[in-house]
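> Here is the input, now give the coordinates:
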Amino acid sequence: MASLVGGGATAPAAPAAGEGRLLVRCKGLPFSATAASVASFFEPLDIVAGGVHLQLNADGVPNGECYVEFASSEALAAGLQRNRQVMGHRYVAVQRVDGAEAERLAAAGSLGAPPAPAPATLAALPSSKEPLSSPPSASASSAARSTSSSSAASAAGAAACS
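Purely as a prediction, here's the structure:
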């Protein structure tokens, strides 16, 4: 199995942003592929811990593509040599991902969890001088309904008497 950096070996952690990441895109994977089987495909190359990012379709099922993040430029170069090799019964296309695309993928969350949203600023919160708006009370709307229904009942009673 490929060496996943982070267990016993020490290697620099993957950069947080997409820039500087050593990524390849794999297309044509068997739909049954797992992170472990992709790592086996690239063995004995060093892949960063959690560096196999299987892509899913709208139903949450693997779509036959993944991104693999290598621990070194040497491992990346060797990984590119696996282009058009067979995994299971399929040929796998292995392509380099450039820095701009890596940034876009990282921002979209395709390389793991998306970045956390920025915290709300105090300027976005209402000041204590401004009253908070509240919905109209339920008792006011029910009083309006009871007034209209009692006047309708009075009119119906007057019509019945005549």
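> okay, CA-based contacts and neighbour counts for the rest of this
Will do.
> in the top strand by length along the chain, what's buried?
When the chain is parsed with DSSP state E, its longest strand is strand 46-56. Buried residues in strand 46-56, counted by 16 or more other Cα atoms under 10 Å: 46-49, 51-54.
> Flag the helix or strand of the protein with the lowest per-element mean pLDDT.
One helix or strand of the chain scores below all others by mean pLDDT, DSSP states H and E: strand 3-5, with a mean of 42.
> Sheet partners, orientation included, of the next helix or strand after it?
Following strand 3-5 in sequence order, the next helix or strand is strand 23-27 (DSSP states H and E). Sheet pairing for strand 23-27, assigned by DSSP bridges, gives strand 62-70 (antiparallel), strand 90-96 (antiparallel).
> mind checking which of the ones you listed is nearest Leu111?
Smallest distance to Leu111 across those (Cα to Cα): 7.4 Å, for strand 62-70.
> Need the distance between the two termini of stretch 41-49.
Terminal residues of stretch 41-49 lie 16 Å apart, using Cα to Cα, to the nearest Å.
> mean confidence for that stretch?
Mean pLDDT, stretch 41-49: 97.
> Low-confidence bits of this structure, can you list those?
Low-confidence segments of the chain (pLDDT under 70): 1-19, 113-162.
> mind running it again at 80?
Counting by pLDDT under 80, the chain shows low-confidence ranges at 1-19, 112-162.
> on that earlier part again, so which of the buried residues of strand 46-56 would you say is closest to Tyr67?
Nearest to Tyr67 out of these is His53 (Cα to Cα; 5.0 Å).
> so who does that closest one touch?
Each residue near His53 by Cα atoms under 8 Å, 6 or more residues apart in numbering is listed here: 35, 66-68, 110-112.
> what does Ala75 give?
Shown in contact with Ala75 (Cα under 8 Å, 6+ apart): 45-47.
> and the gap between it and Arg82?
Counting by Cα to Cα, the gap from Ala75 to Arg82 is 11 Å.
> host element of Glu101?
Per DSSP H and E: Glu101 is located in helix 99-108.
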